[in-house]
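K.L.:
Structure for the following, please:
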Amino acid sequence: AKDKEKKEKKDKKKDDAPAEEAPAAAAAPAEEAAPTPSAAPIHKVGNVFALFKQNQIQEFKEAFTMIDQDRDGIIGPDDLGNIFQQIGREVDPKVVKEMLAESAEKLNFTHFLTLFGEKLHGTDTEGTLRDAFALFDEDKLGYLLEEYVKDLLTNVGDQYNKDEIKQVWKEAPIEGGKFDYVKFVRLIKRGKEEE
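P.N.:
As a prediction, this is how the structure comes out:
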């Protein structure tokens, strides 16, 4: 059983490849690196690697590697618990698991970088955005009618023009006139490739 677990971890590690396999950002020269964190809001960028300069990504990678003590490509409860011990803090294993449970998925390098990107850019989390859409979903169906959302975008709050709505709608998950806001939030927070 342990050999099977190790093999699954190894296979999973390949699937959750870190920054070295990141498109564009890894190939970009340092002087022409991606914009600084303040230059591009995370919700408008599908690839989290485009938010940081190459040297910043490398620093995050070093921090991730330091925390990922078992080198499986995932920060797990043991990794986090060991880090707390190294800095002289005794933390209940339940608390560590709760901390990691706040993450929607396993904490690989891409997710780690995304979390820092959200914090550095001051953007809302997936949960916050989903909850905001859910306020308009009185029947809790997980979708809103397309025309209703368009009406909200043009007539309430920051009013968008037709061209801006058309731009957003290009990638929006709409089927049969139903706007799937859960998928939409996932798309804008993680990008198309992770949908």
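
K.L.:
Break the protein down into its structural domains.
P.N.:
In terms of domains, the chain is parsed into 2-121, 126-194 (source: automatic domain parsing).

K.L.:
correct me, but residue 84 touches residue 91?
P.N.:
Yes - assessed by CB atoms under 8 Å, residue 84 is found in contact with residue 91 at 4.5 Å. In short, each C-beta sits where N, CA and C put it, glycine included.

K.L.:
hang on, the earlier thing: need the domains of the chain in a markdown table (columns: mean neighbour count and mean pLDDT).
P.N.:
Formatted as a markdown table, the domains of the chain follow (neighbours: other CB atoms under 10 Å; pLDDT from 0 to 100):
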| stretch | mean neighbour count | mean pLDDT |
| --- | --- | --- |
| domain 2-121 | 15 | 68 |
| domain 126-194 | 14 | 85 |
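
K.L.:
Please enumerate the strands of the protein.
P.N.:
144-145, 174-175, 178-179 (DSSP state E).

K.L.:
and of those, who's closest to residue 64?
P.N.:
Distance to residue 64, taken as CB to CB, is lowest for strand 178-179 among those, at 35.2 Å.

K.L.:
Quick check: can you name the pairing partners of the closest one and their directions?
P.N.:
With DSSP bridges as the test, strand 178-179 is paired with strand 144-145 (antiparallel), strand 174-175 (antiparallel).

K.L.:
now what about the first one, what contacts it?
P.N.:
Right, strand 144-145. Contacts of strand 144-145 with the rest of the structure, by CB atoms under 8 Å, 6 or more residues apart in numbering, involve 133, 136, 137, 177, 178, 179, 181.

K.L.:
was I right about the first one contacting residue 180?
P.N.:
I take that to be residue 133. No - Residue 133 is beyond contact range of residue 180, at 9.8 Å (criterion: CB under 8 Å).

K.L.:
Now for these two: what residues contact both?
P.N.:
With CB under 8 Å, 6+ apart, residue 133 and residue 180 have no common neighbours.

K.L.:
related to what we said a few turns ago, would you list the contacts of strand 144-145 in CSV and tack on distance to residue 145?
P.N.:
Output for the contacts of strand 144-145, formatted as CSV (distance: CB to CB, whole Å):
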residue, distance to residue 145
133, 12
136, 10
137, 10
177, 6
178, 7
179, 7
181, 11
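
K.L.:
Out of these, flag the one nearest to residue 74.
P.N.:
Nearest to residue 74 among these, counting by CB to CB, is residue 181 at 28.9 Å.

K.L.:
How about the closest one: what's its closest non-neighbour residue?
P.N.:
residue 133 (3.7 Å; CB to CB, 6 or more residues apart in numbering).
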